[in-house]
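Participant: The following comprises the amino acid sequence and a computationally predicted model.
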Amino acid sequence: MMNILPENHPLATIVCGFERGGTTLLSEILRQHPQLDSGFEGGFLLADEASNFGSIEPYYTNLKTGWGLGDSQLNHICAANTWSDVYQRLIEQSPIIKNKNTLVFDKTPKYMQVLSNVLSKVPNIPCIVLVRDPRAILYSWFKRAGLKKEVWLEKTLSIQCQRYLSYASGWKTALENGFGDRLLLVNYENLCSNTLSECQRIFDFIGLDFHSDYLSFKYHKKYGNVYGGGVSLEYLTEYQQHFSDDVCQQILKATEEFSNFWWHPDNLSVNLPENPVEEVSKKPVITIPEDASIKIVDAINFQENFSEKLWGVSIDLPKRNTYVDSSHAIVGGWAIGKPSRISEIELICDDKVIQRIPVNGVRPDVAQAFPQVPNAENSGFTATVKLIGMPSEAELLLQAIFEDESCVPLGVVRFLQKPLNPGYESVLSETKKELQQFQPQVQELAVDVERSQAQLDQIEADMKV
């Protein structure tokens, strides 16, 4: 166990790993601790000095969005003389950090590539390195690329393998440079299949207590990159349905130096909470009927693509914590692409495109906010969506389709079918109890009826005689 030393405050730990490798899931778990919090990503330690952070893109722009900061606030943060003071000012300035006495963690996947350099800037800070099977990572990168699979495999497979190796080599170099006592290697697949023991190991390493309640964050997670409300086994081997055996073998051969990161389904030994509140995310089999009332649990914009592919995006409708009708839920907002224009928005549920919405609505407010972007006034989208037949608890992914046919996920709308009114459920329960109390009397009455019928039959027979 590493101790959170006074000179470390308020930075408790660093989290890094492969991009799309599960670091956001781990962030949501860490964030459940009452003494820990964070925005979407940090990235400060990619700069040689805090004063140079303004030139580190897309992290400078993304940090403003992910922590709710303006330029003046971030300039004040970057004027700090020590890294410890940087994070202290970050807590003070960020409106999303409600508890100003909290510890923070800096989750930045790219730290893994230059891990030795990062760790040398913050002595004694523990670092969690989350790794994942290369086949799963490359499949996730392919999904985000917006290219046809054949093109992606032909043009970029070897490049993506080298990208994977560049992250893994950063971890290996940090070990060779003597930082091993500050590193905790966590395999994503082990985190999903042996959740309790792995999380206990993680929190012990940081030096904080762990409770199994931290594994359920269905209604209070901050960012939409985590599907569902807890740890899921669903996506561990998703790549098997889309990558051929030959492609998988190419990936394994290219990454065999780090074969300890490989994972196979026959290694699975599930260790998950028994409490139903601490659930494993599974898609429900119950579907939404016609004219059902649907609660919008959350509507979240993905933050990570803002500066790279988007000027901005907003999911205006439906709004969080409102109710809509299953037959005519309205989805609307605006999105501005960079550098290509966004032509339509795909709505995806359960990996199926259920509707496409053209992006051509007039939004003078957006044009005013982005005067430098041509046609920003025509960046709006809105449509009526039918949720009938979808899972009673699900996510609607909004994906932007650009004019060059590339794509990028914008955000998710989480919804669930409105449960029965609690008062009605109470009355129904009491009615069932009363019926159960009358059951013996009903049975006795049935016996009496049978006896009476037998007597009548006997009388009728006697009269015939």
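Facilitator: Nice, I can see it. Just so it is clear, the structure is predicted and the values come from calculations on it, not from any experiment.
Participant: which residues in the stretch 101-250 of the chain form strands?
Facilitator: Taking DSSP state E, counting those that start in this stretch, the strands of the stretch 101-250 of the chain run over residues 103-107, 127-131, 183-187.
Participant: Which among those strands is found nearest to Gly333?
Facilitator: Distances from Gly333 to each of those were compared using C-beta to C-beta; the minimum, 26.5 Å, belongs to strand 103-107. Yep, even glycine has a C-beta here, placed from its N, CA and C like the rest.
Participant: Which strands border the closest one, and is each parallel or antiparallel?
Facilitator: With DSSP bridges as the test, strand 103-107 is paired with strand 11-17 (parallel), strand 36-37 (parallel).
Participant: The shortest one: what's the following helix or strand?
Facilitator: I take that to be strand 36-37. Sequence order places helix 59-67 as the next helix or strand after strand 36-37, per DSSP states H and E.
Participant: Equivalent analysis for the first one, please.
Facilitator: Counting by DSSP H and E, the element after strand 11-17 in chain order, helix or strand, is helix 23-31.
Participant: send the alpha carbons of that next one over as CSV?
Facilitator: Coordinates of each C-alpha in helix 23-31 appear next as CSV, following Å, rounded to 0.1, in the frame of the first residue of the first chain:
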residue,chain,number,x,y,z
THR,A,23,-9.7,4.0,-18.0
THR,A,24,-13.0,5.9,-17.9
LEU,A,25,-14.7,2.9,-16.3
LEU,A,26,-12.0,2.8,-13.7
SER,A,27,-12.4,6.6,-13.2
GLU,A,28,-16.1,6.1,-12.4
ILE,A,29,-15.3,3.5,-9.8
LEU,A,30,-12.6,5.7,-8.2
ARG,A,31,-15.0,8.7,-8.3
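Participant: if you average pLDDT over each of the strands paired with strand 103-107, which comes out lowest?
Facilitator: Note on these: lowest mean pLDDT is at strand 36-37, with a mean of 92.
Participant: starting at the chain centroid, how far to that strand?
Facilitator: Taking C-alpha atoms, centre = their mean, to the nearest Å, the mean C-alpha location of strand 36-37 is offset from the chain mean by 17 Å.
Participant: Let me see the residues that make contact with that strand.
Facilitator: Residues outside strand 36-37 that contact it (C-beta atoms under 8 Å, 6 or more residues apart in numbering): 12, 30-31, 97-99, 102-105, 208.
Participant: still on that earlier bit, what's the closest of the strands of the stretch 101-250 of the chain to Pro339?
Facilitator: Across the strands of the stretch 101-250 of the chain, the minimum distance to Pro339, taken as C-beta to C-beta, is reached by strand 103-107, at 28.3 Å.
Participant: quick one: low-confidence parts of the stretch 301-450 of the chain?
Facilitator: Applying pLDDT under 70 to the predicted model, the residue ranges of the stretch 301-450 of the chain that meet it are 302-308, 326, 418-450.
Participant: what are the ranges of the strands in it?
Facilitator: Taking DSSP E, counting those that start in this stretch as the criterion, the stretch 301-450 of the chain carries its strands at 310-317, 322-325, 329-337, 342-349, 352-358, 380-385, 393-402, 407-417.
Participant: what angle do the longest one and strand 342-349 make?
Facilitator: Relative orientation of strand 407-417 and strand 342-349, computed by axes from the mean of the first three to the mean of the last three C-alpha atoms, to 10 degrees: 40 degrees.
Participant: helices or strands up against strand 407-417?
Facilitator: Strand 407-417 is packed against strand 293-301, strand 310-317, strand 329-337, strand 393-402, with contacts defined by 3 or more C-beta pairs under 8 Å, 6 or more residues apart in numbering; DSSP states H and E.
Participant: Reformat those into JSON lines and put distance to Gly180 and mean neighbour count next to each item.
Facilitator: Putting these into JSON lines (distance: least, C-beta to C-beta, whole Å; neighbours: other C-beta atoms under 10 Å) gives the following:
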{"stretch": "strand 293-301", "distance to Gly180": "37", "mean neighbour count": "19"}
{"stretch": "strand 310-317", "distance to Gly180": "39", "mean neighbour count": "20"}
{"stretch": "strand 329-337", "distance to Gly180": "44", "mean neighbour count": "22"}
{"stretch": "strand 393-402", "distance to Gly180": "39", "mean neighbour count": "21"}
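Participant: so where is the stretch 1-150 of the chain shaky, pLDDT-wise?
Facilitator: Across the stretch 1-150 of the chain (using pLDDT under 70), the flagged ranges come out as 1-8.
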